[in-house]
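Undergrad: got a predicted structure plus its sequence, pasted below:
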Amino acid sequence: MVLAVRLAGEMEKTTRFHQGEEMTASVENLSLQVHGDDRGSLIALENGHNLPFDVKRVYYIFGTKAGVPRGFHAHRKLKQLLIAVSGSVTVKTEHGGKIETHLLNRPDEGLLIEGLVWREMHDFSPDCVLTVLADEYYHESDYIRDYTVFKQEDAT
Ligand code: TYD
């Protein structure tokens, strides 16, 4: 029940972002409700119900190589929910001059990243499957891959 309240709060905030011209950059942890019984566990994610945005795209990263990081980019407007459905990965984020590291190692925990946030993924475990839900289709034009450009835009 606590989870439902938290997610409802996220949805209200996201709706406000949709209505304005600007999207506030943010990074937050989300707990995902688990339907568990003696057979195991199940998580269901639904637009308009327990997701903070409507999903247009899902991709997953797997088969990563030891010691090889990924990411190293920001998006200007994209909203993404990252979930390590298997294994673990450390996600480093930066926005507004704030640098954080987030260990994703549970299928019932997501990392919600919205707006102009630099992100890097490090230390993938060999069994990691990092699933990413996004509110937009893949547009290379929304990527900032140059850290210097990101820092300039982050400062304005
Ligand atoms: P890339 O952006 O390098 O992945 P990451 O930064 O998350 O490690 O993407 C790898 C390749 O996959 C690149 O050729 C672009 C392509 N791609 C898509 O076609 N669709 C997508 O949704 C994403 C995320 C990547």
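TA: Done, it's in.
Undergrad: how many neighbours does the one residue in the chain that gets nearest to the ligand have?
TA: When scored by Cβ to the nearest ligand atom, the chain has residue 70 as its residue closest to the ligand, at 3.2 Å. For glycine as for every other residue, the C-beta is placed from the backbone atoms N, C-alpha and C. Neighbourhood size, residue 70 [other Cβ atoms under 10 Å]: 15.
Undergrad: wait, isn't it in contact with residue 59?
TA: No: with contacts counted by Cβ atoms under 8 Å, residue 70 stays clear of residue 59, the gap being 11.9 Å.
Undergrad: quick check: residues of this structure near the ligand?
TA: Counting by Cβ under 6 Å from any ligand atom, the chain comes close to the ligand at 57, 59, 70, 71, 73, 138.
Undergrad: what's the closest non-adjacent residue to the first one?
TA: I take that to be residue 57. Distances taken as Cβ to Cβ, 6 or more residues apart in numbering place residue 134 nearest to residue 57, at 4.4 Å, with adjacent residues excluded.
Undergrad: phi, psi of that neighbour?
TA: Torsion angles at residue 134 (phi, psi; degrees, to the nearest 10) stand at phi -130, psi 150.
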